[in-house]
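Asker: Everything below, folded, please.
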Amino acid sequence: MFFIKPIAKLIVALNSNTKPGAVAAAVAVAFLLALIPSINLLWPALFIISLIARLNWGFEFVFIAVFKLIVPLIDPLIEPMGWKILQSDFVSVLVYRISEIPGLTYLGLNDSLMIGGLIAGIAAWLPVFFLARILIVLFREKISPRIARSKFIAAMKRAPILGKLILAVKQFSDVY
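Answerer: Model (predicted):
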């Protein structure tokens, strides 16, 4: 039953009075982090910065996992873009200069997939943020009340595990 509390916290965060922007920012940051390969120093640095920011960590972790499953479909588009960016004169000189600094070689800036993912993630951050925010507001206003009043949920309350999940959601929603 260790999985009931984390699921309850995610449900509460989706329906809570927290600002939709905090959840949407977590989704957008998760998309950015999913696009960047995690075998360099830039990924952990950006991840730590995202943990310091006031984002919803639960949604960030869940959506990093979800987006990491989708990213292999996008990689064939991102890698050529990164290659083109690395071939430009300004960027190639900049990457060379940064690579000369001890320790910064491990940022992976000379990897076309990393640069392409970073640029694509930065470019997609605002659209993903606004789309996630719209979907969260829509869920809270339209979908969540219908789900709560449905006969299916009333029947599920009688199931032992789901009854515990619903009680955990109520417990955490009272706390927050």
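Asker: Can you say which helix or strand has the residue nearest to the spatial centre of the chain in it?
Answerer: Compute the mean C-alpha point of the chain, and by Cα atoms, centre = their mean the closest residue is residue 30, 2.2 Å away. Assigning secondary structure by DSSP states H and E places residue 30 in helix 20-35.
Asker: Centre of the chain to that helix, how far?
Answerer: Relative to the centre of its chain, helix 20-35 is centred 4 Å away, using Cα atoms, centre = their mean, to the nearest Å.
Asker: what's in contact with that helix?
Answerer: Where contact means Cβ atoms under 8 Å, 6 or more residues apart in numbering, the residues beyond helix 20-35 that reach it are 13-14, 43, 46-47, 50, 53-57, 59-64, 66-68, 70-71, 74, 78, 117-118, 120-122, 124-126, 128-130, 132-133, 136-137, 140. In this view, the C-beta of every residue, glycine as well, is placed from N, C-alpha and C.
Asker: If you count contacts, what does the next helix or strand after it end up packed against?
Answerer: Elements were assigned by DSSP H and E; along the chain past helix 20-35, the next helix or strand is helix 42-52. In terms of contacts (3 or more Cβ pairs under 8 Å, 6 or more residues apart in numbering; DSSP states H and E), helix 42-52 is packed against helix 20-35.
Asker: average model confidence for the helix it packs on?
Answerer: Helix 20-35 shows a mean pLDDT of 92.
Asker: before we move on, what about stretch 124-142?
Answerer: Averaged across stretch 124-142, the pLDDT comes to 91.
Asker: Just the buried positions in it, please.
Answerer: By neighbour count, with 16 or more other Cβ atoms under 10 Å as the criterion, the buried positions of stretch 124-142 are 124, 128, 129, 132, 133, 136.
Asker: Could you do stretch 56-65 as well?
Answerer: The neighbour-count check on stretch 56-65 (16+ other Cβ under 10 Å) flags 56, 58, 59, 60, 62, 63, 64 as buried.
Asker: Tell me the secondary structure at the last one.
Answerer: Using DSSP: H, G, I helix; E, B strand; the rest coil as the criterion, the local structure at residue 64 reads helix.
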